[in-house]
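**Student:** sequence and predicted structure are below.
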There are 2 protein chains.
Amino acid sequence: MSDSFTYKELYHKKTGLTVGINKILFSEQSPYQKIEVLETDTWGNLMTIDGMVMLSEKDEFVYHEMLAHVGMFAHPNPERVLIIGGGDGGTAREVLRHSSVKQVDMVEIDEAVVRASKQFLPTVGAWDDPRLNVLFEDGIAFVGKAKSEYDVIIVDGSDPVGPAEGLFEKDFFTFCFSALKDNGVLTGQTESPWVSGYHSSIRKVFHTLEEIFSESAMYLGFIPLYPAGMWSFAFASKGLKAIDDRVEQRIEQGLKVFGDSLKYYNKNIHSAAFALPNFVAEIIR
Amino acid sequence: MSDSFTYKELYHKKTGLTVGINKILFSEQSPYQKIEVLETDTWGNLMTIDGMVMLSEKDEFVYHEMLAHVGMFAHPNPERVLIIGGGDGGTAREVLRHSSVKQVDMVEIDEAVVRASKQFLPTVGAWDDPRLNVLFEDGIAFVGKAKSEYDVIIVDGSDPVGPAEGLFEKDFFTFCFSALKDNGVLTGQTESPWVSGYHSSIRKVFHTLEEIFSESAMYLGFIPLYPAGMWSFAFASKGLKAIDDRVEQRIEQGLKVFGDSLKYYNKNIHSAAFALPNFVAEIIR
């Protein structure tokens, strides 16, 4: 998917993204997928998996802040957090900003993703934090063994083709429900609503969450390097609301402690992200 | 900017959009700009001006609904509306859904845009509505002559290079202020916050609006074919708020009348669009 000058990711026929690249920094076929890190002309270093953009140094803050903080602030006291996937380290970095956190288990199936990230996306991870516990295992099997252990689970997998396919299935979300404590919260990435090829996967995820969890909702963020620039996320919980006065108070307090380290997420964005355009609401009806 | 197979629009170095095209339906160098309409493989027919995407049949609803309804619902009784630019007809179509509207003056500098749109984007415009008054004139000169005539002015120009450059200048907004009646409302498109090359233009617009109008704010929408998928809009008024209980009531009532004709805009989106990510708020600080 790349030559020495341009990276292209097409998401529908010949429609997609073009990024200028200076050179390929990393290229490896792991047992699971092909991982590349490209030095781009605009976005810093950029990681692709099987030819699809995972993140760049310049835009990753949107995805990671939105995936992590919406769920973390919905919980009154998140101490134990499980991240499924997330091998670039960005989601863990955002989770670890929360001082309540005692342990983050990051279960990444592919050690090559972590190795490439540590070397070529060094600003993304917070690898030295002693609360971070990185495991190279199958996330679905891992979560299937956990019972009432986590306050927050964050599903940070790639697209529903290849090794991440199971992360969109009902069995997986049932495991997540069991792995969460009372009041547990789940968030996850759920693809671009502009890409019609993913509509059935997106619908299935939200119908499943609605069936299993007492609260569930979709929220959105602007991610320039993901197909069509609009990205959807899932929120689900065992009773906690995604937005209420207590959540807003926690965000206000929490963001004071974070200082100005966040570039996207704030209290207004937290609520606004749950407003869905009509055509998006229609997909998950 | 196009060959017989692919259209490319790069917004920073080699980063940008690629769209597959089947054929070029229209190509004309007018006295002002180069206008093309391309039949694409994904988005229906797509119009470009000087190589930049203006709209496609499949995604135009976002831009036009957000540009039109945010201002129209902020006004209690918009009867006379001025659209500067908007030659494809989509903004006028959305404005004309409002039953309060008695006259829409659409001032488009380039008749070739209207001609191409009528022929190759026939679903976009509402050209037969007797309330629509299309004028082929310079919008800046036109608005400079109007005094307290309009309830709502909508600035639907192209990017701040070429003939639309003046639509980002202080003189123009001063003219708009004078052309608006008391309680008048202005909205306009103000480029992508992800494109650093436009940051100074964006900042200048919002600082100017803040200086001239008593109310002003930025709002955002997801537009897949515009650079990086995030688009900003300006709201300004002579006293009316962009969001309050009365606005929300009007939206509720109004959307009942519209039926299910809108694909993006709704009451929650109206408010949510004004929530700005930190890095966007920073641009206009």
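**Tutor:** That came through, no problem.
**Student:** the residue nearest to residue A:134 when sequence neighbours are not counted - how many residues pack around it?
**Tutor:** Spatially, and ignoring its direct neighbours in sequence, residue A:134 is nearest to residue A:106 (5.0 Å; Cβ to Cβ, 6 or more residues apart in numbering or on different chains). Glycine gets a C-beta too; all of them are placed from N, C-alpha and C. Around residue A:106 there are 25 other residues, counting by other Cβ atoms under 10 Å in any protein chain shown.
**Student:** pretty sure residue A:106 contacts residue A:93?
**Tutor:** No - counting by Cβ atoms under 8 Å, residue A:106 stays clear of residue A:93, with 10.6 Å between them.
**Student:** how about low-confidence regions in chain A?
**Tutor:** A:1-4 (pLDDT under 70).
**Student:** so what's the residue in it that chain B sits nearest to up against?
**Tutor:** Ranked by Cβ to the nearest Cβ, the top residue of chain A for proximity to chain B is residue A:229, at 1.5 Å. Contacts of residue A:229 were listed using Cβ atoms under 8 Å, 6 or more residues apart in numbering or on different chains, and they are A:194, A:222-223, B:222-224, B:228-230.
**Student:** inside helices: which ones of these?
**Tutor:** Per DSSP state H, helices hold no members of the contacts of residue A:229.
**Student:** make a markdown table out of those residues and add distance to residue A:16.
**Tutor:** Formatted as a markdown table, those follow (distance: Cβ to Cβ, whole Å):
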| residue | distance to residue A:16 |
| --- | --- |
| A:194 | 11 |
| A:222 | 17 |
| A:223 | 14 |
| B:222 | 17 |
| B:223 | 16 |
| B:224 | 11 |
| B:228 | 13 |
| B:229 | 12 |
| B:230 | 17 |
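**Student:** of all those, which comes closest to residue B:11?
**Tutor:** residue B:228 (6.9 Å; Cβ to Cβ).
**Student:** the stretch 51-200 of chain A: helices as residue ranges?
**Tutor:** Secondary structure of the stretch 51-200 of chain A (DSSP state H, counting those that start in this stretch): helices at A:60-74, A:90-95, A:111-120, A:139-145, A:170-179, A:199-212.
**Student:** identify the bridge partners of the residue most central in space within chain A.
**Tutor:** With distances taken as Cα atoms, centre = their mean, residue A:156 lies nearest the centre of chain A, 3.6 Å away. Judged by DSSP bridges, the bridge partners of residue A:156 are residue A:85.
**Student:** correct me, but it touches residue A:81?
**Tutor:** No - Residue A:156 is beyond contact range of residue A:81, at 11.3 Å (criterion: Cβ under 8 Å).
**Student:** now do the domain split for chain A, please.
**Tutor:** Split into domains by automatic domain parsing, chain A comes to A:6-54, A:60-283.
**Student:** for residue A:264, find the nearest of the helices of the stretch 51-200 of chain A.
**Tutor:** helix A:60-74 (4.7 Å).
**Student:** can you tell if the closest one touches chain B?
**Tutor:** Yes - Helix A:60-74 reaches chain B (Cβ under 8 Å from any Cβ of the partner chain) through residue A:62.
**Student:** mind giving me the packing neighbours of that helix?
**Tutor:** If you count contacts as 3 or more Cβ pairs under 8 Å, 6 or more residues apart in numbering or on different chains; DSSP states H and E, helix A:60-74 packs onto helix A:90-95, strand A:150-156, strand A:180-189, strand A:215-222, strand A:230-237, helix A:245-258, helix A:267-272.
**Student:** now render those as a markdown table, adding distance to residue A:72.
**Tutor:** Converted to a markdown table, those look like this (distance: least, Cβ to Cβ, whole Å):
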| stretch | distance to residue A:72 |
| --- | --- |
| helix A:90-95 | 6 |
| strand A:150-156 | 6 |
| strand A:180-189 | 8 |
| strand A:215-222 | 14 |
| strand A:230-237 | 11 |
| helix A:245-258 | 8 |
| helix A:267-272 | 11 |
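**Student:** any idea how far residue A:142 is from residue A:278?
**Tutor:** To residue A:278, residue A:142 is 38 Å away according to Cβ to Cβ, to the nearest Å.
**Student:** try residue A:129
**Tutor:** For residue A:129 relative to residue A:278 (Cβ to Cβ), the value is 42 Å.
**Student:** residue A:242 now?
**Tutor:** For residue A:242 relative to residue A:278 (Cβ to Cβ), the value is 20 Å.
**Student:** tally of neighbours for residue A:257?
**Tutor:** Neighbours of residue A:257 using other Cβ under 10 Å come to 10.
**Student:** and for residue A:164?
**Tutor:** Residues near residue A:164, counting by other Cβ under 10 Å: 22.
**Student:** I'd assumed residue A:157 was in contact with it.
**Tutor:** Yes - with contact defined as Cβ under 8 Å, residue A:164 reaches residue A:157; the gap is 3.7 Å.
**Student:** hey, what's in contact with both of these two?
**Tutor:** Listed contacts common to residue A:164 and residue A:157 are residue A:85; contacts here mean Cβ under 8 Å, 6+ apart.
**Student:** one step back: what bridges to the residue nearest to residue A:134?
**Tutor:** residue A:83, residue A:134.
**Student:** which ones are touching it?
**Tutor:** Residue A:106 touches A:82-83, A:86-87, A:89, A:91-92, A:132-135, counting by Cβ under 8 Å, 6+ apart.
**Student:** likewise for residue A:54?
**Tutor:** With Cβ under 8 Å, 6+ apart, residue A:54 has these contacts: A:47-48, A:88, A:158.
**Student:** quick check: the closest residue to residue A:168 other than its chain neighbours vs residue B:50, distance?
**Tutor:** Nearest residue to residue A:168 in three dimensions, chain neighbours excluded: residue A:160, at 4.4 Å (Cβ to Cβ, 6+ apart). Between residue A:160 and residue B:50 the distance is 39 Å, computed by Cβ to Cβ.
**Student:** all good on my end, thank you.
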